[in-house]
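In: Below: sequence and its predicted model.
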Amino acid sequence: MRRNKVFDFWFRKQYIIAGALVLFAAFGMTALYSHNQEKERERLEQELSEISEQGNEVAEEQEEVEHASSIVPPKNNEAANRKVEELLPSVEEKAVLEPTDEIAGEIIEEPEVLAEAPAKSVSSNTPSLHFPKEEGMTWPLEGNVIMNYSMDATIYYATLDQYKYNPAIIISGDVNSKVYAVAQGKITDISQNEVTGTTVTVDLGDGYQAIYGQLKELNFKEGDYLEPGHVIGYVSEPTKYFSVEGSNLYFELQKDGEPVDPIAYFE
């Protein structure tokens, strides 16, 4: 009986000890957890403090920069801009003076050729016109003059059967005969005329211009330049105003818009 009581006592003691150990362990775990949490909280607070200090330093640096910018006089900025502007042309010039290997030889060795090329091109495309009054004109067609220039008196037109003034000369020529330029000039107009058919007007310079009528199959167009002897075109079939006279070339010479006698200017 006594042994049972002892056994019961120690049995209850084991539960008490076990419970005490459990409580002790719980308290120990709680204390350890609290200690770790305290350490973690302190670490976080330290990091936040460092971040805040860094932000304050950045803000202070920015304020110092802004303050320094406000102190710098505007004239210093202008001087810096002028310095940059002075440097830019030098950079561009350097780029021009340092061409690629492919064209370096041409630019350095033959600068005169490049400089003169545009002037030569303009000269060849737009020659200076001068009417060679002293030298005279070449004849535009090989043939007989069947109607003379006459602005002082009227002459007879066989097809019209009437007398009229004649501002040109009428040179007889077979159809398809070549018509030549009488002097250097520029074609300023090509038009169709009821009396003279296809008509070409050429500026000879110095206020002179030549008018060729009764043409066909032109070899040039408006804006082209002619030299003496160039074949402008060919004699066409006559218009109804020259049916009796037959195929011919109508040739008129004007000075400042007024007709003059072409015969006086031929060679």
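Out: Cool, the structure landed. Numbering: from 1, shown residues only.

In: Quick one: low-confidence residue ranges for the protein.
Out: Scanning the chain for pLDDT under 70 picks out 1-13, 15, 26-28, 31-34, 51-125.

In: one more time with 50, if that's ok
Out: Regions of the chain meeting the criterion pLDDT under 50 cover residues 70-76, 84, 89-124.

In: what about the helices in it?
Out: 2-71, 74-97, 101-109, 111-125 (DSSP state H).

In: who touches K164 in this structure?
Out: When contacts are counted by Cβ atoms under 8 Å, 6 or more residues apart in numbering, K164 is found next to 154-155, 157. All C-beta atoms are positioned from the backbone trio N, CA, C, and that covers glycine.

In: Please apply the same query to P238.
Out: Per Cβ under 8 Å, 6+ apart, neighbours of P238: 197, 214, 245-248.

In: And I263, by the same measure?
Out: Contacts of I263 (Cβ under 8 Å, 6+ apart): 145, 148-149, 169.

In: returning to what we had before: of the contacts of P238, buried ones?
Out: 197, 214, 246-248 (16 or more other Cβ atoms under 10 Å).

In: Give me the subset of those residues lying in strands.
Out: Counted as lying in strands by DSSP state E, out of the buried ones among the contacts of P238, are 197, 214, 248.

In: Export those residues to JSON lines and append columns for distance to M29.
Out: Listed next are those as JSON lines, based on distance: Cβ to Cβ, whole Å:
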{"residue": "G197", "distance to M29": "125"}
{"residue": "Q214", "distance to M29": "128"}
{"residue": "N248", "distance to M29": "134"}
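
In: Spatially, which two of the contacts of I263 are the most separated?
Out: Greatest spacing in the contacts of I263, by Cβ to Cβ: V145 and Y149 (9.0 Å).

In: higher neighbour count, the two?
Out: Neighbour totals were compared for V145 and Y149, and Y149 leads with 22 against 17 (other Cβ atoms under 10 Å).

In: measure the closest residue to that one other than its chain neighbours to G185 for me?
Out: Spatial nearest neighbour of Y149, excluding adjacent residues (Cβ to Cβ, 6 or more residues apart in numbering): D261 at 4.4 Å. Separation of D261 from G185 (Cβ to Cβ, to the nearest Å) stands at 19 Å.

In: and those two? which has more neighbours close in?
Out: Neighbours were tallied for D261 and for G185 using other Cβ under 10 Å; the higher tally belongs to G185 (24 against 16).

In: what sits opposite the more buried one in the beta ladder?
Out: Assessed by DSSP bridges, G185 has beta-bridge partners L226.

In: That one touches L204, doesn't it?
Out: Yes: here G185 lies in contact with L204, judged by Cβ atoms under 8 Å, at a distance of 4.4 Å.

In: rewinding a little: highest neighbour count among the contacts of K164?
Out: Within the contacts of K164, most neighbours by other Cβ under 10 Å means Y157, with 17 neighbours.

In: Help me confirm that it comes into contact with Y163.
Out: Yes: checked against Cβ under 8 Å, the pair Y157 and Y163 is within contact range at 7.3 Å.

In: list residues touching both of G185 and L204?
Out: In contact with both G185 and L204: 129, 210, using Cβ under 8 Å, 6+ apart.

In: how many neighbours does P140 have?
Out: 22.

In: how about it, what does it touch?
Out: So P140 contacts 171, 179-182, 210, 212, 232, 249, 251 (Cβ under 8 Å, 6+ apart).

In: Going by residue numbers, what spans are strands in the stretch 101-250 of the chain?
Out: Remark: strands assigned in the stretch 101-250 of the chain by DSSP state E, counting those that start in this stretch are 145-147, 150-157, 162-166, 169-172, 178-180, 185-193, 197-205, 208-216, 225-226, 231-235, 248-255.

In: about what we covered before: make CSV out of the contacts of P238 and add distance to L23.
Out: As requested, the contacts of P238 are exported to CSV (distance: Cβ to Cβ, whole Å):
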residue, distance to L23
G197, 135
Q214, 138
E245, 148
G246, 148
S247, 143
N248, 144
